[in-house]
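In: task: produce atomic coordinates for the following.
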Amino acid sequence: MSTIKVLEATTEPVSVAEAKLYLRVDGGDEDLLIAGLIMAARHLAEGEMRRTLLSATWQMTTDAFSDALRLEWPRVLGVESLQYIAEDDEVVTLDPADYVLDNSNDVAPAWLVPAKGRGWPSTSAEINAVRVRYVAGYGDSAADVPAAIRQWILLHVGAMYEHREATAARELKALPFLAGLLDPYRVYG
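Out: Here you go, the predicted model:
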């Protein structure tokens with residue numbers, strides 16, 4: 001089983017203007033640098049928490065159906081498609097009425113299970129015969145992202161901005177004010 005991001009979010013959880021205000025930076029000379037720091041901090045936060053912040057599209061593939069299909073990146077906002085390669089090698093898209101999304105737990109992966117009274121179809125015996133495309137994240141806008149995560153990103157942007165010459169990631173991780181803000185949003189297991 002593997003999961004890859006196929007469509008990135010179109011915005012960031014913190015704007016360049018917000019970061020510049022936080023950093024006390026005037027003028028536009030460093031806008032590109034600050035935008036890059038915001039993106040880097042978001043990627044770090046997403047990696048730390050094992051979750052997508054803003055709506056992004058993911059594709060999970062697996063060789064066959066199991067009792068339940070695990071969708072690694074919460075919060076799953078919706079399933080775009082569930083396709084499989086049938087035994088006759090035809091690609092089939094399942095009707096959404098044939099499965100149920102269980103995403104009731106915000107700090108755990110979501111699951112796809114067959115709808116009541118239904119089962120998964122048989123697949124061709126080949127690699128990646130089942131493909132699930134889904135959207136995960138808190139929503140489409142920065143306001144959808146919890147304030148603590150946005151604050152962590154601002155703190156991290158500030159640390160990276162101030163310590164541009166840091167030679168190791170551990171120099172930034174060692175900064176005590178960065179710890180703890182992400183803990184309630186981490187996905188375990």
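
In: for the rest of this, base every contact and every neighbour count on C-alpha atoms.
Out: Fine.

In: what helix or strand does T57 sit in?
Out: strand 56-62 (DSSP states H and E).

In: for Q83, same thing?
Out: Element membership of Q83, judged by DSSP H and E, is strand 76-85.

In: helices or strands next to the strand holding T57 in the packing?
Out: Judged by 3 or more C-alpha pairs under 8 Å, 6 or more residues apart in numbering; DSSP states H and E, strand 56-62 is in contact with strand 2-7, strand 130-136.

In: now find how far off-centre that strand is within its chain.
Out: In terms of C-alpha atoms, centre = their mean, to the nearest Å, the centre of strand 56-62 is set 10 Å apart from its chain centre.

In: okay, now the sheet partners of the helix or strand just after it, with direction.
Out: Note on strand 56-62: by DSSP H and E, the next helix or strand toward the C-terminus is strand 69-71. Strand 69-71 pairs in its sheet with strand 110-114 (antiparallel), by DSSP bridges.

In: what's the mean pLDDT across the helix ranked longest in the chain?
Out: As assigned by DSSP state H, the longest helix anywhere in the chain is helix 31-49. The average pLDDT within helix 31-49 is 94.

In: need the residues that contact it.
Out: Residues outside helix 31-49 that contact it (C-alpha atoms under 8 Å, 6 or more residues apart in numbering): 12-16, 19-20, 52-53, 149, 152-154, 156-157, 160-161, 182-183, 185-187.

In: in PyMOL, select just the buried ones from those residues.
Out: In PyMOL, a selection of the buried entries from these looks like this (16 or more other C-alpha atoms under 10 Å):
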select buried, resi 12+13+14+16+19+20+52+53+149+152+153+154+156+157+160+182+185+186+187
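
In: got the buried residues for the longest helix of the chain?
Out: Neighbour-count burial for helix 31-49 [16+ other C-alpha under 10 Å]: 31, 34-35, 37-43, 45-46, 49.
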